[in-house]
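got a predicted structure plus its sequence, pasted below:
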Amino acid sequence: MKQCVRPYGIFVRGRHCEGTHVGGEFDRMATTRRNTSAMKMVGALLALYREAAGYTQRSLSEVFNISEQQIASIEQGRRPLKPDLAEQLDERLGTKGALSTAVSRMPEVDLVPLWAEEYLDREREAIAISWYEALAVPGLLQSEAYARAVFRSRVPVYDEDEIEQLVTSRIERQKILHRKVPPTTSFVIWEAALRDCLGGKEVYDDQVRKLREYADVPGVALQILPLNRTSHAGLDGPFILLETPEHQRLGYSETQRGSTLVADPDGVGILTQKYAMLRTQALNMEDTRAMLDHLLGEA
């Protein structure tokens, strides 16, 4: 009887994690170490079971509607095997829960949060990113000093070593905007986020200058949603939309105590509608540059 395998990636992930919201986007994971040896062991098991079942990396990836490179990265220990994919692989390969057990026994002290990896893996590979932010400058556009001020605002406080690790992680993530073929990116920032002077005047001035520079970068669409609008499509809070190389569309949002990563078409569709409306409510790119020039003139 033919087995029915649901496409991997049709998921809704909700997680509670202390400290995710300050600055957002899973930066808390920067203080957690990967267990590289354990990841390589799990990857080697997958390769062994895959070959025994008669699959190539390509044929197995096609079963689960994921990229061949993703299977290769897991087998080489460069990418963690997620619990839900492990369960589906056990079912397809007839391994009686071996992969799921191996993933569940990864040492917790060394384990990067798997739900965080789900987002970060896709952000690194994204071909398109759309980001609405209302509370602070989006992490991918933050200056080093502004990022430090964001993390210093966290309650309960981080110690200085943690802050520096988090800042380093955030700046490292910005490299995706400078790769040879960067993602097409769109940012809508509520003006309220640009009126706060986190870190003081010097930090604020530097951050506005950085935004003005990004406003002229090809492939980056930067728009400000002004305060005087009579309607606002983003009142439910900030969110991010990603498109993967396989053209899967994902949505991510977070609250004070939790985060949600969505690939369900209906859920992503709602966020896509919100983002389209926000872009019409925001200043166009030319007027956004003019506002940033005005803010710099006030500096």
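Yep, that arrived.

residue ranges for the strands of the chain, please.
Remark: strands assigned in the chain by DSSP state E are 12-16, 128-133, 184-190, 220-225, 239-243, 249-254, 258-262.

and Leu227, how far is that from Tyr158?
Distance from Leu227 to Tyr158, counting by CB to CB, to the nearest Å: 31 Å. All C-beta atoms are positioned from the backbone trio N, CA, C, and that covers glycine.

compare those two (neighbour count), which wins?
Tyr158 (19 against 11; other CB atoms under 10 Å).

next one: the nearest residue to the more buried one once chain neighbours are set aside, what pLDDT does it get?
Counting by CB to CB, 6 or more residues apart in numbering, Tyr158 lies nearest to Phe151, which is 5.8 Å off, once chain neighbours are set aside. You'll see Phe151 listed with a pLDDT of 94.

restricting to C-alpha, output stretch 266-275 in PDB.
Only the C-alpha atoms of stretch 266-275 are listed here, as PDB (Å, rounded to 0.1, in the frame of the first residue of the first chain):
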ATOM      1  CA  ASP A 266      -4.500  30.800   4.700                       C
ATOM      2  CA  GLY A 267      -2.400  32.300   7.500                       C
ATOM      3  CA  VAL A 268       0.300  33.500   5.100                       C
ATOM      4  CA  GLY A 269      -2.300  34.900   2.800                       C
ATOM      5  CA  ILE A 270      -3.800  37.100   5.600                       C
ATOM      6  CA  LEU A 271      -0.300  38.500   6.400                       C
ATOM      7  CA  THR A 272       0.300  39.100   2.700                       C
ATOM      8  CA  GLN A 273      -3.000  41.100   2.500                       C
ATOM      9  CA  LYS A 274      -2.000  43.200   5.500                       C
ATOM     10  CA  TYR A 275       1.400  43.900   4.100                       C
END
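
which parts of it are buried?
Val268, Leu271, Lys274, Tyr275 (16 or more other CB atoms under 10 Å).

list of residues touching that stretch?
By CB atoms under 8 Å, 6 or more residues apart in numbering, the surrounding residues in contact with stretch 266-275 are 12, 130, 132, 186, 188, 233-234, 236, 239, 241, 249-251, 253, 262.

most neighbours, which of these?
Tyr132 leads those on contacts (other CB under 10 Å) with 27 neighbours.

that residue contacts His232, doesn't it?
No. Here Tyr132 does not reach His232: they are 10.7 Å apart, not a contact under CB atoms under 8 Å.

circling back: redo the strands of the chain as CSV? Include distance to Gln70.
Supplementary listing: the strands of the chain in CSV, determined by distance: least, CB to CB, whole Å:
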stretch, distance to Gln70
strand 12-16, 17
strand 128-133, 18
strand 184-190, 22
strand 220-225, 27
strand 239-243, 15
strand 249-254, 14
strand 258-262, 16
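
closest one to Ile71 among these?
strand 249-254 (19.2 Å; CB to CB).

re the thing from before, hmm, which of the contacts of stretch 266-275 is lowest in pLDDT?
Scanning the contacts of stretch 266-275 for pLDDT, the low point is Val12. It has 54.

which one, of the strands of the chain, ends up nearest to Val103?
strand 12-16 (15.4 Å).
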